[in-house]
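Student: below is the structure, and that's it, no one-letter string:
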């Protein structure tokens, strides 16, 4: 595949010689198209993340008593997880942001105006918390 990409990029970039006969490659629209094609091919070959395990995520949420303040699709003391998913949809920083929120005890703000530390989610393996976050964001 690398040979095909090299040929495509080479042919998409016409050379323009100067008066002394020296060839020079100038940036052109063809090079831009070639770069976009390469980026697309590389992103398409990236491994996809596995779908979150909803049962395991809900079990971890139950163990950590998350359902005392959150529900999947309706607001209670905390936002519903569907609201959280909507808030972060399309934002690349969402998983890291939620990991910080769930594991550091940062301040949670409530509808009545009071604030308190968010309960720290605990799990034997970090991958379980990542699964919980991925599941919430998938809603």
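Tutor: Looks like it came in fine. Note that the coordinates shown come from a computational prediction; the quantities given were computed from them, not determined experimentally. Residues are numbered from 1 along each chain as shown.
Student: assign residue 99 to helix, strand or coil.
Tutor: helix (DSSP: H, G, I helix; E, B strand; the rest coil).
Student: try the one 3 residues further on
Tutor: Here residue 102 takes the helix state, with states given by three-state DSSP.
Student: how far away is it from residue 113?
Tutor: Relative to residue 113, residue 102 is positioned 23 Å away (Cβ to Cβ, to the nearest Å). No exception for glycine: its C-beta is placed from N, CA and C like everyone else's.
Student: neighbour count winner among the two?
Tutor: When residue 102 and residue 113 are compared for neighbours, residue 102 comes out ahead with 21 against 6, by other Cβ atoms under 10 Å.
Student: and stretch 51-65, what's buried?
Tutor: For stretch 51-65, the neighbour count (16 or more other Cβ atoms under 10 Å) marks 52, 57, 60-61, 64 as buried.
Student: between those, which is nearest residue 91?
Tutor: The nearest member of the buried residues of stretch 51-65 to residue 91, counting by Cβ to Cβ, is residue 52 at 17.2 Å.
Student: shouldn't residue 72 be in contact with residue 79?
Tutor: No - assessed by Cβ atoms under 8 Å, residue 72 is found out of contact with residue 79, at 11.1 Å.
Student: could you find the closest non-adjacent residue to residue 122?
Tutor: Of all residues not flanking residue 122 in the chain, residue 64 sits nearest, at 6.4 Å (Cβ to Cβ, 6 or more residues apart in numbering).
Student: in this structure that neighbour contacts residue 128, no?
Tutor: No - applying Cβ under 8 Å, one finds residue 64 not in contact with residue 128, separated by 10.2 Å.
Student: just to revisit the earlier point, in JSON lines: the buried residues of stretch 51-65, plus secondary structure, pLDDT and distance to residue 97.
Tutor: Shown next, in JSON lines, are those (DSSP: H, G, I helix; E, B strand; the rest coil; pLDDT from 0 to 100; distance: Cβ to Cβ, whole Å):
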{"residue": "52", "secondary structure": "coil", "pLDDT": "97", "distance to residue 97": "17"}
{"residue": "57", "secondary structure": "helix", "pLDDT": "98", "distance to residue 97": "17"}
{"residue": "60", "secondary structure": "helix", "pLDDT": "98", "distance to residue 97": "18"}
{"residue": "61", "secondary structure": "helix", "pLDDT": "98", "distance to residue 97": "18"}
{"residue": "64", "secondary structure": "coil", "pLDDT": "98", "distance to residue 97": "18"}
